[in-house]
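Asks: dropping a prediction and its sequence here:
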Amino acid sequence: MSDLPRKAVTRTAKLAALPIGIAGRATWGLGKRIGGKSAEIVGRELQQRTAEQLFKVLGELKGGAMKFGQALSVFESALPEEVAGPYRAALTKLQEAAPPMPTATVHSVLEERLGEDWRELFLEFEDKPAAAASIGQVHRAVWHDGREVAVKVQYPGAGEALLSDLTQLSRFAKLLGPLIPGMDIKPLIAELRDRVSEELDYDLEAQAQREHAREFAQDPDVLVPDVLHQSEQVLVTEWIDGIPMSEVIADGTEEQRDRAGQLLARFLFSGPARTGLLHADPHPGNFRLLPPEEGADESEWRLGVLDFGTVDRLPGGLPDTIGHSLRMTLEGEAEAVYELLREEGFVKEKIELDPDAVLDYLLPIIEPAQADAFTFTRSWIRNQAGRIADVRSPAHQLGKQLNLPPSYLLIHRVTLSTIGVLCQLGATVRLRDELESWLPGFLAADESDEPDETDESTDETTDESPDGEDEGAVQGESAG
C-alpha cells in the first residue's frame, strides 16, 4: 500500500469486508469439519485466518482502524489460551509497525510545515521511517545542533480517516466484541472518537510532553524525551534508544520483565501526582526499556515513555476517592464501599445491590494490591475476564447492574490497558508500594491528615477532588 487511503468509500469498503470475510471463513470451517478435520483443529485455523485478515486491514488503513487495533492489542492476554495464540502475533504487529507513507508525501508535509529550506534544520534525515503508527510516522534525524531527534510526521487526511474508521467500526461492535471476553467494545470506540481532535493536535501533545520531560528530568527511573519543535503536522523530539516493550514481552529476561512492570506501574500512578496529567495510551509501542547509565547498578534499567497525544488532565492528581474505596475494599468494609460506589454513580439510584456481593465482585479484581508483590499472568487476567463474561456467573449478573460514569471512562481504560501489558510481561510487581507512595487516600494515615479547625486551607483542598476531578477508579473495572 502506498499511502493513507482517505476516501471514505475506499476505507468503508475495506472495513465492510470484515464481516463478510468472517462469515466466509465460518463456511470454509464447516466444510473442513464435514471433510473429517476435528473441531479443535478447524477452530484454530479459523482463528488464525480471522486474525490475519482483521489486523492486516486495520494495519493497512492506519487511522482509526489501526488506533482501535492498538487499543485492542493490550487485551490479548485476556483471551482464552486456545484463541490467544493466533491473535497474539497479528496483534503485536500493530504495536510497532505499519506500512509507511511514501517519501514524497513526507517531504511535502515537511516543506509545507517547516518551509522550503526544511533540510537546513537537520544535519541528517533518514527517509525510511523508524516507526509507523495510527496517525503519523517517525523518522530518525540529527537536529542542527547535533542532537539525535525523532521527527513525527502526521499523515495527510488523518483526521478524516480517524472519524470515518471509528464510525464504521462502531457498526461492527457486536461482531468484534467476542475478541475480548468481558469487555464492551462500543464504549472503547466511542471514547477513541471523542479524543480525535486532541490526538491530532501536536501543540497539545508537545505541551503535555514538555511538562512530563521537565518533571521527570532528574528522575532515576523514568525518561521522557523533550520537545525541540512543533507545528501543525510535525513534532520534533529528542531521540531515545532502548528495547521496545514488545521485545521485552517476547524475549526479555525475568529481570527485565519485572523491572519494566514495576516502572510501568510507577509511571501510571506517579504521573498524575507529579504533572496533573495521565498518559492515556499505554500500549507497548509507546514504551522503551533503557539500559542502566554508565557506572549505575546493572538492575537500574529505566523506562522511556513516548507519545503524549492522548492525556487526561487531572489538575489535582488522581482523586482520593479512588484510594479510599480501594483501601476500604481490601479491609472488607462492604457497606462503606457500597455507599461510596453509589455516591460516585457506579450504582444508580434505582438499583439495589447486596453490599457483600459487591465486595465479593471487587476483591478478585484488586488482588494485586493485597500482597507485597504480585505476579501478573495471562491466566490471572483470563480468569478475571472469564468470571465477568460467563453469563452463568454471579459476577456477570452483578456486573450488568453496575454503571461506569463517563468521568471514570478514560482512567478505567488506562488502568485496564496497563494491567493488560503487565500480564503480557508476566511481571512480578510490588504494586502496593506504588499505591502507598502515589495514590491519595490509599493509606489510612491520609485520613488522619485531615485538617483541624485551624487549618481551613487544607480543608478546602481535601473537599475539592471528589466534586471536581472524580475520574478513574480502580473499581471502575466493575462495569464489566
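Replies: The structure has been received and is ready for your questions. Residues are numbered from 1 along each chain as shown.

Asks: and L435, how far is that from A265?
Replies: To A265, L435 is 9 Å away according to Cβ to Cβ, to the nearest Å. For glycine as for every other residue, the C-beta is placed from the backbone atoms N, C-alpha and C.

Asks: just L318 next, same as before
Replies: Applying Cβ to Cβ to L318 and A265 gives a distance of 13 Å.

Asks: please enumerate the helices of the stretch 51-200 of the chain.
Replies: All helices of the stretch 51-200 of the chain, identified by DSSP state H, counting those that start in this stretch, fall at 63-73, 81-96, 103-114, 158-171, 173-176, 185-194, 196-200.

Asks: swap in the stretch 351-480 of the chain?
Replies: Using DSSP H, counting those that start in this stretch, the helices of the stretch 351-480 of the chain run over 355-362, 378-389, 394-399, 409-425, 431-438, 445-448, 456-468.

Asks: among the ones you listed, which is nearest W239?
Replies: With respect to W239, and counting by Cβ to Cβ, the nearest of the helices of the stretch 351-480 of the chain is helix 409-425 at 23.0 Å.

Asks: quick check: angle from the closest one to helix 185-194?
Replies: Here the directions of helix 409-425 and helix 185-194 differ by 110 degrees (axes from the mean of the first three to the mean of the last three Cα atoms, to 10 degrees).

Asks: strands along the stretch 251-400 of the chain, start to end?
Replies: In the stretch 251-400 of the chain, the segments counted as strands under DSSP state E, counting those that start in this stretch are 277-279, 287-290, 302-305, 311-313, 374-375.

Asks: and these, which one is worst for confidence?
Replies: For the strands of the stretch 251-400 of the chain, mean pLDDT drops lowest on strand 311-313, to a mean of 92.

Asks: what residues does that one touch?
Replies: Outside of strand 311-313, the residues within contact range by Cβ atoms under 8 Å, 6 or more residues apart in numbering are 198, 208, 272, 276-280, 410-411, 414, 471-472.

Asks: buried set for that strand?
Replies: Neighbour counts over strand 311-313 (16 or more other Cβ atoms under 10 Å) mark V311, D312 as buried.

Asks: ok, that strand: who's next to it in the sheet?
Replies: Take DSSP bridges as the rule and strand 311-313 pairs in its sheet with strand 277-279 (antiparallel).

Asks: hmm, back to that, higher neighbour count, L318 and A265?
Replies: It is L318, of L318 and A265, that has more neighbours when counted by other Cβ atoms under 10 Å, with 27 against 24.

Asks: which residues does the more buried one contact?
Replies: Counting by Cβ under 8 Å, 6+ apart, L318 touches F269, P272, A273, L278, I411, W438, L439, P440, G472.

Asks: looking at the strands of the stretch 251-400 of the chain, which is nearest to A132?
Replies: The nearest among these, by Cβ to Cβ, is strand 287-290 at 16.6 Å.

Asks: and the closest one, what does it pack against?
Replies: strand 243-244, helix 245-251, helix 254-275, strand 302-305 (3 or more Cβ pairs under 8 Å, 6 or more residues apart in numbering; DSSP states H and E).

Asks: list the buried residues in it.
Replies: Residues F287, R288, L289, L290 are the ones in strand 287-290 that count as buried (16+ other Cβ under 10 Å).

Asks: what does it contact?
Replies: By Cβ under 8 Å, 6+ apart, the residues outside strand 287-290 that reach it are 223, 240-245, 248, 252, 256, 259-260, 264, 301-306.

Asks: give me the buried subset of those.
Replies: When the contacts of strand 287-290 are checked for burial by 16+ other Cβ under 10 Å, the buried set is 223, 240, 242-245, 248, 252, 256, 259-260, 264, 301-306.
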